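Trainee: sequence isn't available, so here's the structure alone:
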């Protein structure tokens, strides 16, 4: 089994997330892609994040008709803060023998040396699926000097440039701007019915 680990706050999950997830699934030949909703990410301590129950509900609506996508509670059912190294280790224990591909953007790969125990993290992962947009320049040579062994783990995933972010969608909702087609219909309807992000 080839498993993709797609982590994020998903506040809210949008079509950009779906497109990136599907590109990773196909290009990395993943059997399953786990959407890991992070409760309280260490790098977003200063941001206001919606309640985890709300975000989990929206992710379930977003991915419910794709049998290859699955919500993972690995970072929900344990105390925060959550670090990638622990997430990968727990998932490996839950799915012995599975190959784990941690999915990240080019910016996260660049910041990898600042993560908790980055060398152990690289060792635990069978692959790093790096979603690179054309503007991202990933300097693997420099990164390899700091984190030996990272280069052979990296698999570049070519994805279309979509200038969509959850922050931008929240702002549009707050301002009363159009946002419907940035989201799956079910997610849009839930946000409208529950009056979220107002």
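Mentor: Sure thing, it's come through. Here the structure is a predicted model, which is why all the values come from computation and not from measurement.
Trainee: what number of residues lie near the closest residue to residue 113 other than its chain neighbours?
Mentor: Using C-beta to C-beta, 6 or more residues apart in numbering and skipping the chain neighbours, the partner closest in space to residue 113 is residue 146 (4.9 Å). Glycine gets a C-beta too; all of them are placed from N, C-alpha and C. When counting by other C-beta atoms under 10 Å, one arrives at 11 neighbours for residue 146.
Trainee: before we move on, what about the one 10 residues further on?
Mentor: Look at residue 156: counted by other C-beta under 10 Å, it has 16 neighbours.
Trainee: so it, which of the three states?
Mentor: What DSSP: H, G, I helix; E, B strand; the rest coil gives for residue 156 is strand.
Trainee: state the helix or strand in which residue 193 lies.
Mentor: Element membership of residue 193, judged by DSSP states H and E, is helix 185-194.
Trainee: show me what that helix is packed against.
Mentor: helix 52-63 (3 or more C-beta pairs under 8 Å, 6 or more residues apart in numbering; DSSP states H and E).
Trainee: each with direction, which strands does the helix or strand following the helix it packs on pair with?
Mentor: The helix or strand immediately downstream of helix 52-63 is strand 69-72, counting by DSSP H and E. Sheet pairing of strand 69-72 (DSSP bridges) gives strand 32-37 (parallel).
Trainee: pLDDT-wise, which helix or strand of this structure ranks last?
Mentor: Within the chain, no helix or strand scores below helix 106-111, which has a mean of 88 by mean pLDDT, DSSP states H and E.
Trainee: what's that one packed up against?
Mentor: With contacts taken as 3+ C-beta pairs under 8 Å, 6+ apart, helix 106-111 sits against strand 127-132.
Trainee: what's the spacing between the spatially most distant residue from the centre of the chain and residue 144?
Mentor: For the chain, the largest distance from the centre (C-alpha atoms, centre = their mean) belongs to residue 176, which lies 27.2 Å off. Separation of residue 176 from residue 144 (C-beta to C-beta, to the nearest Å): 48 Å.
Trainee: cool, and residue 82?
Mentor: According to C-beta to C-beta, residue 82 and residue 144 sit 27 Å apart.
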